[in-house]
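Q: next comes the sequence, and after it the predicted model I'd like to discuss.
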Amino acid sequence: MATEQPESNREDRIRSTALRHARDIEERKKLQARIADLVVEAFDLPSRPDADPAKPQPSDASLFRHCLGLFQTSDFDDLVYERNVDNRCGYALCPRPNLKLTHGGQKVWNQKGGKDFKLVDKSELERWCSKACQERAAFVRAQLGTEPAWLRTGQTIDIRLLDEVDSESLADPFKGLSLAEAPDAEIAERMQALALERGELKVNADDSVVDLIERNSDVIPSAPALKGHQPQNTIEGHQARKVRFESAMKINFSSSS
């Protein structure tokens, strides 16, 4: 009798584990089906053929963010692929067709200049209608993770669109960094540190005004003279002896004769 009860408990644990796995699999299938439906909904965006991806309709933007909430990066790539098959830009809020490059190779020059000028995959450029939509899609994709939705326990991701991020929101973290609003003691400390870097020993923080008085003089200044001035025709202070060449030639001529 005691042997039958542990065996029964073991079967109950196995049955409970199997049921839990079955529920997890069923939940995963439901989420996968839901994500597939969201891909279809995002595929049909935008709602108007003349829509501007830089200024999308609020309803289209809301639906797109809702679809992205359960996406992972692979789901977003599937959406881009399906739109490209339909000859449309991969960015869901853009109604324009994607690029069709006539170049036959697999690599083409990108549409940038300067140091960013390089070879890129032709297929990557053909996923979008323009560089702007490529940047919009990259901004959205960077916010997605690689973790599947069923591992996130139903939590959705709050996605922001690139055109919704204005310059003011980007400048908010820098508003409190003005030196004009810093205390006087802090400014004096910074000035002292800069002075030490220049090799100065002390910075006078006194703000008092110093009067400058200009004095006039009628005295004509004289040219300065070098210290230890030496006479002319000297070589490093040595006076060379003068030799007349005519006398020297006569002496040489008489001695030779």
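A: That came through fine. Numbering: from 1, shown residues only.

Q: how much space between residue 39 and residue 66?
A: Distance, residue 39 to residue 66, by CB to CB, to the nearest Å: 12 Å. Any C-beta I mention is one placed from the backbone N, CA and C, and that applies to glycine too.

Q: again but with residue 77, I slipped
A: From residue 77 over to residue 66 the distance is 19 Å, taken as CB to CB.

Q: more neighbours, residue 39 and residue 66?
A: Neighbours were counted for residue 39 and for residue 66 using other CB atoms under 10 Å; residue 39 has more, 19 against 14.

Q: average pLDDT for the helix or strand hosting the more buried one, rounded please.
A: Per DSSP states H and E, residue 39 falls inside helix 4-43. If you average the pLDDT over helix 4-43, you get 82.

Q: do the same with stretch 144-161
A: Here the average pLDDT along stretch 144-161 is 79.

Q: and that stretch, which residues are buried?
A: For stretch 144-161, the neighbour count (16 or more other CB atoms under 10 Å) marks 144, 149, 150, 157, 159, 161 as buried.

Q: closest to residue 96 out of those residues?
A: Set against residue 96, the nearest of these by CB to CB is residue 161 (17.1 Å).

Q: once you drop chain neighbours, what's closest to that closest one?
A: Excluding the flanking residues, the one nearest residue 161 by CB to CB, 6 or more residues apart in numbering is residue 61, at 6.2 Å.

Q: secondary structure class for residue 150?
A: Using DSSP: H, G, I helix; E, B strand; the rest coil, the structure places residue 150 in helix.

Q: contacts only, for it.
A: 24, 27, 28, 31 (CB atoms under 8 Å, 6 or more residues apart in numbering).

Q: buried ones among those?
A: Buried, going by 16+ other CB under 10 Å: residue 31, out of the contacts of residue 150.

Q: farthest pair within the contacts of residue 150?
A: With CB to CB as the measure, no two of the contacts of residue 150 lie farther apart than 24 and 31, at 10.6 Å.

Q: quick one: residue 57 and residue 45 touch, right?
A: No. Look at residue 57 against residue 45 with CB atoms under 8 Å: they stay out of range, at 9.3 Å.

Q: more neighbours: which of these two?
A: Per other CB under 10 Å, whichever of residue 57 and residue 45 has more neighbours is residue 45, with 24 against 15.

Q: ok, that one to residue 6 distance?
A: Counting by CB to CB, the gap from residue 45 to residue 6 is 59 Å.

Q: swap in residue 90?
A: If you measure residue 90 against residue 6 using CB to CB, the figure is 59 Å.

Q: the residue nearest to residue 161: which element?
A: For residue 61, the host element (DSSP H and E) is helix 58-68.

Q: before we move on, back to that, determine the angle, from 0 to 180 degrees, between the helix holding residue 39 and helix 58-68.
A: Angle of helix 4-43 versus helix 58-68, following axes from the mean of the first three to the mean of the last three CA atoms, to 10 degrees, is 150 degrees.

Q: which parts of helix 4-43 are buried?
A: Judged by neighbour count (16+ other CB under 10 Å), helix 4-43 contains these buried residues: 31, 35, 38, 39, 42, 43.
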